[in-house]
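> Pasting a predicted model and its sequence here:
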Amino acid sequence: MRWSWFMPYHIFIKRIEERKERERAFYENGSLLLEKLIVCCNAKPIPIRTFSPQQLLLATNNFSSGLLGYYWGIWYKGSLEGRIVLIKHLYGWADLAINDLVISAQMSGHSNVLKPIGCCLHTPFPISVFEYAANGFLADRIYVSRVTERQHQPMVWERRLKIARQIAHALSYLHTAFPRPVLHMSIHMRSILLDERDVPKLSDFYFSVSIPEGEADVEAHRGFYFNAPEFTASRKVTEKFDVYCFGQLLVHLRICYKNIVDITFL
């Protein structure tokens with residue numbers, strides 16, 4: 001910040017306070033991010049770029065344009081450094097935003113996971129930047145979008161099966177590729193995005209937890225959408241929790257397809 005003798009004193013004080021608030025947010029969010037990276041990634045370096053609030057405001061026209069959808073986080077389409085990206089703003093839950101970012105980065109080697117590009121830590125709640133998924137949420141290809149209020153062309157059954165198979169591969173990778181199995185805990189139609197070729201990208205790792213080494217299950221404090229019976233009864237979950245949620249996803253894909261076929265033949 002540059003001092004000017006023509007700047008009113010109250011504006012100068014306000015800018016000082018805003019700078020201190022940004023610095024406080026950066027240290028708090030940065031500490032959460034570093035702690036999570038050490039726990040989940042065994043201190044292995046994972047490249048996560050940082051962006052300034054000004055860059056993200058410019059990319060989204062002050063978060064007033066390019067709204068893609070919302071479900072917990074609010075998704076915006078933006079242009080950042082000449083590249084189309086998705087920007088996700090999760091209000092009120094810094095720890096969930098950090099968890100989502102770290103697990104996404106840990107999973108970024110899989111082709112069916114939405115890859116993180118970076119984040120902004122200078123805001124009260126971290127804002128994440130992800131690769132662009134041109135065809136939006138799977139839910140909006142199946143149902144009428146609550147944001148755009150329009151229905152895409154019905155998705156054929158073969159494509160639905162292919163999406164289900166690829167998401168199953170991503171879940172298998174999540175459960176087996178790391179020393180401690182990771183549970184997604186929130187698989188549903190709006191946690192899957194589609195790129196321009198309808199390749200599915202798993203996202204929303206807010207509630208993900210790892211099973212400790214030597215343990216068969218883990219106590220989870222959060223679960224959402226399709227909750228398996230054992231979670232409601234004991235809060236103890238295993239990989240079977242995700243399998244249950246995936247099964248519910250298959251049921252919805254099948255029911256929606258059956259309804260479309262029935263309507264077609266009426």
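Received the coordinates, thanks.

> Against L90, how distant is A168?
27 Å (CB to CB, to the nearest Å). All C-beta atoms are positioned from the backbone trio N, CA, C, and that covers glycine.

> And for G73?
Distance, G73 to L90, by CB to CB: 4 Å.

> neighbour-wise, which of those two wins?
Neighbour tally, G73 and L90, criterion other CB atoms under 10 Å: the higher count belongs to G73, 23 against 20.

> now the helices for the stretch 101-250 of the chain?
138-142, 157-176, 229-234, 239-264 (DSSP state H, counting those that start in this stretch).

> Out of these, which one sits most buried?
A comparison of these by mean neighbour count, using mean count of other CB atoms under 10 Å, puts helix 138-142 on top with a mean of 22.

> who does that helix touch, helix- and strand-wise?
When contacts are defined as 3 or more CB pairs under 8 Å, 6 or more residues apart in numbering; DSSP states H and E, helix 138-142 sits against strand 192-194, helix 239-264.

> again, only this time at 6 Å
Helices and strands touching helix 138-142, as assessed by 3 or more CB pairs under 6 Å, 6 or more residues apart in numbering; DSSP states H and E, are absent.

> if I pick E213, what's in contact with it?
Counting by CB atoms under 6 Å, 6 or more residues apart in numbering, E213 makes contact with R180.

> if I look at it, how far off is P179?
From E213 across to P179, the span is 7 Å (CB to CB).

> Skipping its backbone neighbours, what lies nearest the residue nearest the centre of the chain in space?
Most central in the chain under CA atoms, centre = their mean is D204, positioned 3.1 Å from the mean C-alpha point. Nearest residue to D204, sequence neighbours excluded (CB to CB, 6 or more residues apart in numbering): S191, at 3.9 Å.

> Now for that neighbour, how many residues are close by?
With other CB under 10 Å as criterion, S191 counts 26.

> Same check on the one 10 residues further on?
When counting by other CB under 10 Å, one arrives at 26 neighbours for K201.

> Show me the beta-bridge partners of it.
On DSSP bridges, the residues paired with K201 through beta bridges are L193.

> close enough to count as contact, it and A133?
Yes. The pair K201 / A133 is scored as a contact, 5.4 Å apart, by CB atoms under 6 Å.

> Identify the contacts common to those two.
Here K201 and A133 share the contacting residues L193, scored by CB under 6 Å, 6+ apart.

> Please report how far the residue nearest to the centre of the chain lies from L57.
Relative to L57, D204 is positioned 24 Å away (criterion: CB to CB).

> again, but for E196
Using CB to CB, E196 is found at 27 Å from L57.

> higher neighbour count, those two?
Remark: of E196 and L57, L57 carries more neighbours, 14 against 9, as counted by other CB under 10 Å.

> Got phi/psi on K77?
K77 adopts backbone torsions of phi -90, psi 130, taken as degrees, to the nearest 10.

> likewise the one 4 residues further on?
In terms of degrees, to the nearest 10, the main-chain angles of E81 are phi 60, psi 40.

> Next, count neighbours for it.
A count of neighbours around E81, defined by other CB under 10 Å, yields 10.

> And for P212?
P212 - counted by other CB under 10 Å - has 12 other residues nearby.

> Give me the contacts around stretch 167-175.
With contacts defined as CB under 6 Å, 6+ apart, stretch 167-175 is touched by 110, 112-113, 181-182, 200, 202, 239, 242.

> list the contacts for the closest residue in space to I103 that isn't next to it in sequence?
Distance criterion CB to CB, 6+ apart; nearest residue to I103, sequence neighbours excluded, is F205 at 3.7 Å. Going by CB under 6 Å, 6+ apart, F205 touches 100, 103-104.

> Fine by me, thanks again.
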